[in-house]
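Chemist: can you look at this prediction? I've put the sequence above it.
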Amino acid sequence: MELVKPGLGLIFWMTITFSIVLFILSKFAWKPILNSIREREDSINSALNAAEDARKQMSALQADNEKLLNQARAEREVMLKEAQEMKEHIIAQAKKTADEEGQKLIAKANASIESAKINAMNELKTQVAVLSVDLAEKVLRKKMENRAEQEAFVNENLKSITLN
Amino acid sequence: MQYNKRYIFHYLVQVFILAAYLVFTCSTVVAQDHENHNHPSIDSTHSVESTSQTHDATAHASESHGEEKVDAGKLIMEHIADAHDWHIATIGHTHISIPLPIIIKDNAGIKIFLSSKFDHGHATYQGYRLEEGKLIAVNEDGSINQEANFYDLSITKNVASMLISVILLCWIMFSVAASYTNNKGKAPKGLANLIEMAIIFIRDEVAKPSIGSKYAKFLPYLLTIFFFIFINNLFGLIPIFPGGANVTGNIAITLVLAIFTFVITSINGNKSYWGHIFMPPGVPKALWILLVPIEIIGMLNKPIVLMIRLFANITAGHIIILGFFSLIFIFGAMNQGLGLGVSVLSVAFTVFMNFLELLVAFLQAYVFTLLSALYFGSAVEEHHHEEHH
């Protein structure tokens, strides 16, 4: 039974020692240790939060970039398309103008050819007339060398002219 | 309930340890009986082979002033009980021990002297004598003075061991605290890392779930009892100086620890805690006559259970280990070869038990801390719902 009888001296010293230990450890060990642990946990948490925020910002930035890039790409598309259209338009315009000019030139050429032709024809006609008159003169000269024939010819021509 | 699993776990651990305690206490009693039964035969062999027996006898077996009989019960009790000097070994008839201060407060004042003055119980000094490790007052003629009124406040083996462990504990914790201030905001390293693991365990697994939002107030106490019990449990496992004392296996120590928990619980008990004890809600007033005493017993029961659990567990561990060693000498006294044979088995079992004791050292510190935390939790808990009853 000696075992379960608490000794007075031991109770006395234990109470004193434990009280002192409790006080000293609470004040000089647990307080700084627990504070440091809490501070460190807080700093780790805030660092993690900051990292998370940075990650979010980063992804937002990336999304922004993506958007900008897409916008630029679309704009380029549009610009290219416009340029293409303009090119086609210009080419068509040029073709049209060229065609018109050509037509005009052709028409002009045709007209000048026509007028030249008419002139040539007229000249030809005059020449032919001159030649025919010359020829006829020469022929008549040859034929009218004698008087008889001259008279015969005038008569004949007179006969053909009917005076009415 | 939130704590169901934990309660069941505790209950199982308690049952297991109690069973182990009972089994081994029985086995020690059996060993004692067995040994008593064999007294005549041992004495007869003693007479025949007294010369060889004297040489066989080792330090512990020959403690009883050269007698060859092995009193395992006495041996074990001597080892687990408190003492006024720190016994290290006995070689032949020479006791090697560290004398400890004897402090006696009596009507004449305070007397302080070293325990070596008693010459291991052989001498009387200043009217006092050691009898079976207990301090007793004696008259001038040497007879025991029953009327003497004195307080024995000696620095006994347990007190000295406790002081050593407490100094070590403070030194460890101060160095850890210093490493935190020197290493502010950085990861802990070395010893601080190990201690932090335990501190965070107590904070997150014991204090927070048991007490709730008001845990911070109780955390220093919980950490102190955890490390105090743990370090003293470990010191108890060291067989010689500076260990060898059975601090946490002494009922005075566990009594003081339990009283601390009880006082803190009572001081912090809120209206609903005391209301549940003295005015149990939800029951007819006539039943209060029955319920209030039960509640008061329940309230007082908590620290008593704490006290007995720690004391019994640690003492049981010591008894088992000492029992195994005693077996060697009990069998050795019967037959030298048998003793050698049993020693192999005993050593194997003791090694196993030491590992188990390491676990128990942690487990009991944890259980004491956890139950204290649960009691604090019940003291500060706010009851909002009547459906709890």
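Modeler: Received it, and whenever you're ready, just let me know what you need.
Chemist: CA atoms only for stretch B:229-248, dumped as PDB, please.
Modeler: Written as PDB, here are the backbone C-alpha positions of stretch B:229-248 (Å, rounded to 0.1, in the frame of the first residue of the first chain):
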ATOM      1  CA  ILE B 229       5.200  13.800 -18.500                       C
ATOM      2  CA  PHE B 230       6.900  12.700 -21.700                       C
ATOM      3  CA  ILE B 231      10.400  13.600 -20.600                       C
ATOM      4  CA  ASN B 232       9.900  12.100 -17.100                       C
ATOM      5  CA  ASN B 233       8.500   9.000 -18.700                       C
ATOM      6  CA  LEU B 234      11.600   8.700 -20.800                       C
ATOM      7  CA  PHE B 235      13.900   9.400 -17.900                       C
ATOM      8  CA  GLY B 236      12.100   6.600 -16.000                       C
ATOM      9  CA  LEU B 237      13.200   4.200 -18.700                       C
ATOM     10  CA  ILE B 238      16.900   5.000 -18.200                       C
ATOM     11  CA  PRO B 239      18.000   2.300 -15.800                       C
ATOM     12  CA  ILE B 240      20.800   4.200 -13.900                       C
ATOM     13  CA  PHE B 241      21.500   7.800 -13.000                       C
ATOM     14  CA  PRO B 242      20.300  10.300 -14.100                       C
ATOM     15  CA  GLY B 243      17.300   8.100 -14.800                       C
ATOM     16  CA  GLY B 244      16.200   5.200 -12.700                       C
ATOM     17  CA  ALA B 245      13.700   7.100 -10.700                       C
ATOM     18  CA  ASN B 246      10.000   6.400 -11.200                       C
ATOM     19  CA  VAL B 247       8.800  10.000 -11.300                       C
ATOM     20  CA  THR B 248       5.600   9.700 -13.400                       C
END
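Chemist: average pLDDT across stretch A:138-152?
Modeler: The average of the pLDDT scores along stretch A:138-152 is 78.
Chemist: chain B contacts on chain A?
Modeler: Residues of chain A lying close to chain B (Cβ under 8 Å from any Cβ of the partner chain) are A:2-15, A:17-18, A:21-22, A:24-26, A:28-34, A:36-37, A:39-40, A:43. Bear in mind the C-beta positions are built from the backbone N, C-alpha and C, glycine included.
Chemist: how about low-confidence regions in the chain?
Modeler: Reading this off chain A. A:1, A:163-164 (pLDDT under 70).
Chemist: actually it's chain B I care about, not the one you picked
Modeler: B:1-69, B:185, B:383-389.
Chemist: where do the strands sit along it?
Modeler: Chain-ordered strands for chain B, with DSSP state E as the definition, fall at B:85-91, B:94-99, B:101-106, B:109-114, B:124-125, B:128-131, B:134-137, B:150-152.
Chemist: format those as JSON lines; extra columns: distance to chain A and mean neighbour count.
Modeler: Formatted as JSON lines, the strands of chain B follow (distance: least, Cβ to the nearest Cβ, whole Å; neighbours: other Cβ atoms under 10 Å in any protein chain shown):
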{"stretch": "strand B:85-91", "distance to chain A": "14", "mean neighbour count": "16"}
{"stretch": "strand B:94-99", "distance to chain A": "16", "mean neighbour count": "14"}
{"stretch": "strand B:101-106", "distance to chain A": "8", "mean neighbour count": "19"}
{"stretch": "strand B:109-114", "distance to chain A": "13", "mean neighbour count": "12"}
{"stretch": "strand B:124-125", "distance to chain A": "17", "mean neighbour count": "18"}
{"stretch": "strand B:128-131", "distance to chain A": "12", "mean neighbour count": "19"}
{"stretch": "strand B:134-137", "distance to chain A": "8", "mean neighbour count": "18"}
{"stretch": "strand B:150-152", "distance to chain A": "5", "mean neighbour count": "17"}
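Chemist: what's the closest of those strands to residue A:157?
Modeler: Comparing the strands of chain B by their distance to residue A:157 (Cβ to Cβ), the top pick is strand B:85-91, with 186.9 Å.
Chemist: partner strands of that closest one, with direction?
Modeler: Its sheet considered, strand B:85-91 pairs with strand B:94-99 (antiparallel) by DSSP bridges.
Chemist: count the neighbours of the closest residue to residue B:325 other than its chain neighbours for me.
Modeler: Leaving aside its sequence neighbours, residue B:325 sits nearest to residue B:346 (Cβ to Cβ, 6 or more residues apart in numbering or on different chains; 6.2 Å). Other residues within reach of residue B:346, judged by other Cβ atoms under 10 Å in any protein chain shown, total 21.
Chemist: got the contact list for residue B:346?
Modeler: B:324, B:325, B:327, B:328 (Cβ atoms under 8 Å, 6 or more residues apart in numbering or on different chains).
Chemist: of those, which belong to helices?
Modeler: B:324, B:325, B:327, B:328 (DSSP state H).
Chemist: could you chop chain B up by domain?
Modeler: Per the record, chain B has its domains at B:4-94+B:157-388, B:101-154, by automatic domain parsing.
Chemist: could you dump stretch B:345-364 to PDB, C-alpha only?
Modeler: C-alpha atoms of stretch B:345-364 as PDB (Å, rounded to 0.1, in the frame of the first residue of the first chain):
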ATOM      1  CA  LEU B 345      14.200 -15.100 -22.400                       C
ATOM      2  CA  SER B 346      14.000 -12.300 -19.800                       C
ATOM      3  CA  VAL B 347      16.300 -10.100 -21.700                       C
ATOM      4  CA  ALA B 348      14.400 -10.600 -24.900                       C
ATOM      5  CA  PHE B 349      11.100  -9.800 -23.200                       C
ATOM      6  CA  THR B 350      12.700  -6.800 -21.500                       C
ATOM      7  CA  VAL B 351      13.900  -5.400 -24.800                       C
ATOM      8  CA  PHE B 352      10.400  -5.800 -26.200                       C
ATOM      9  CA  MET B 353       8.900  -4.200 -23.100                       C
ATOM     10  CA  ASN B 354      11.300  -1.300 -23.300                       C
ATOM     11  CA  PHE B 355      10.100  -0.600 -26.900                       C
ATOM     12  CA  LEU B 356       6.600  -0.900 -25.700                       C
ATOM     13  CA  GLU B 357       7.400   1.500 -22.800                       C
ATOM     14  CA  LEU B 358       8.800   4.000 -25.300                       C
ATOM     15  CA  LEU B 359       5.400   3.900 -26.900                       C
ATOM     16  CA  VAL B 360       3.600   4.100 -23.600                       C
ATOM     17  CA  ALA B 361       5.800   7.000 -22.600                       C
ATOM     18  CA  PHE B 362       4.500   9.000 -25.500                       C
ATOM     19  CA  LEU B 363       1.000   7.600 -25.300                       C
ATOM     20  CA  GLN B 364       0.400   8.400 -21.700                       C
END
